[in-house]
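Engineer: Sequence and computational prediction follow.
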Amino acid sequence: MARSLDGLVLAPVTDQAAGQVGTRTRFTYHEEDGEIWAEYAGGDVVRGRLVGTRQGDGLDFRYVQLKRDGTTSSGHCVSRVVELPDGRVRLEETWEWESQPGSGTSVVEQVTQHAP
């Protein structure tokens, strides 16, 4: 099993469609005893939350978000946790909106802090 997600900050590798998460969105993950949750914001998303479970390298969670235009949306995602050769974490995601039409795949990777 890849390392814990607790305390990691991840960001999408590419932009999704307008009104969705994008490269300016940051996810702050938490993990404890098979439970995962995260807060996220940035880009078109003012505030978002996700909550779910982890079994091995698999995540299964639901998400809700408030967008800059004042609308809300929610969906379901399953992800695979991958440890990259440089030690960072990647999530390979398959998601589907539950509050509106649409589905897809995305990749988020751990953001590293660079010294000034």
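Structural biologist: Happy to help now that I have it. Residues are numbered from 1 along each chain as shown.
Engineer: which stretches of the chain aren't confidently modelled?
Structural biologist: Where the chain drops to pLDDT under 70, the residues are 1-2, 16-20, 113-116.
Engineer: what secondary structure does the most centrally placed residue in it sit in?
Structural biologist: Most central in the chain under Cα atoms, centre = their mean is F27, positioned 5.6 Å from the mean C-alpha point. The three-state label given to F27 by DSSP: H, G, I helix; E, B strand; the rest coil is strand.
Engineer: now it: how far from P85?
Structural biologist: Between F27 and P85 the computed distance is 22 Å (Cβ to Cβ, to the nearest Å). Glycine gets a C-beta too; all of them are placed from N, C-alpha and C.
Engineer: Next: S74.
Structural biologist: 35 Å.
Engineer: out of the two, which sits in the more crowded spot?
Structural biologist: Taking other Cβ atoms under 10 Å, S74 and P85 do not tie; S74 has more neighbours (15 against 5).
Engineer: Hmm, T94 is touching C77, no?
Structural biologist: Yes - if you go by Cβ atoms under 8 Å, T94 and C77 touch, sitting 6.9 Å apart.
Engineer: thinking again about what came up before, OK, contacts around the residue nearest to the centre of the chain?
Structural biologist: Going by Cβ atoms under 8 Å, 6 or more residues apart in numbering, F27 touches V9, L10, A11, A38, E39, Y40, L50, V108.
Engineer: Just give me the closest of the residues you listed to P101.
Structural biologist: L50 (20.2 Å; Cβ to Cβ).
Engineer: What subset of the contacts of F27 is buried?
Structural biologist: Neighbour counting over the contacts of F27 (16 or more other Cβ atoms under 10 Å) leaves L10, A11, A38, Y40, L50, V108 as the buried ones.
Engineer: Let's verify the first one: helix, strand, or coil?
Structural biologist: It stands for L10. Three-state call for L10 (three-state DSSP): strand.
Engineer: I'd like to know how far it sits from G58.
Structural biologist: Counting by Cβ to Cβ, the separation of L10 from G58 is 16 Å.
Engineer: ditto for the fourth one
Structural biologist: Taking Cβ to Cβ as the measure, Y40 falls 20 Å from G58.
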